[in-house]
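> quick one: sequence and predicted model below, then my questions.
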Amino acid sequence: MSFDTPAENLVFHDEHEMQYELWADVDKQLALYYEAASTSDQIFASRVTVVLDEQGRLCLVYPTVLAGTHPQAVLEDLTLLLAE
């Protein structure tokens, strides 16, 4: 999710051949709710990962994201969560 417009996200998505949908949070409501932004004046969202289940319930929160290790950590946590 970013503060870019849907059109800007589509361009970025296509340029990088992403395999998932990018969401736009232009008004920053979700970023503020999930603490990826501390104020509505913040220019960029902080790197935060929030995992929701099918009903929209919060399952996992990663308030700090380190790009080099984060994907593996999330995968391991999701594997454990889904095994329950």
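That came in fine, so what should we check first?
> and the pLDDT at Ala67?
Predicted confidence (pLDDT) at Ala67: the value is 88.
> distance-wise, check it relative to Thr49.
11 Å (C-beta to C-beta, to the nearest Å). Where C-beta positions appear, they are placed from N, C-alpha and C, glycine not excepted.
> so these two - more neighbours on which side?
When neighbours are counted by other C-beta atoms under 10 Å, Ala67 and Thr49 differ, and Thr49 comes out ahead with 17 against 7.
> so what's that one closest to, chain neighbours aside?
Tyr62 (4.1 Å; C-beta to C-beta, 6 or more residues apart in numbering).
> same thing with Tyr34?
For Tyr34, the spatially nearest residue (C-beta to C-beta, 6+ apart) is Val50, at 4.9 Å.
> which element is the one you found on?
Assigned by DSSP states H and E, Val50 belongs to strand 49-52.
> and Asp77, what does it touch?
Leu60 (C-beta atoms under 8 Å, 6 or more residues apart in numbering).
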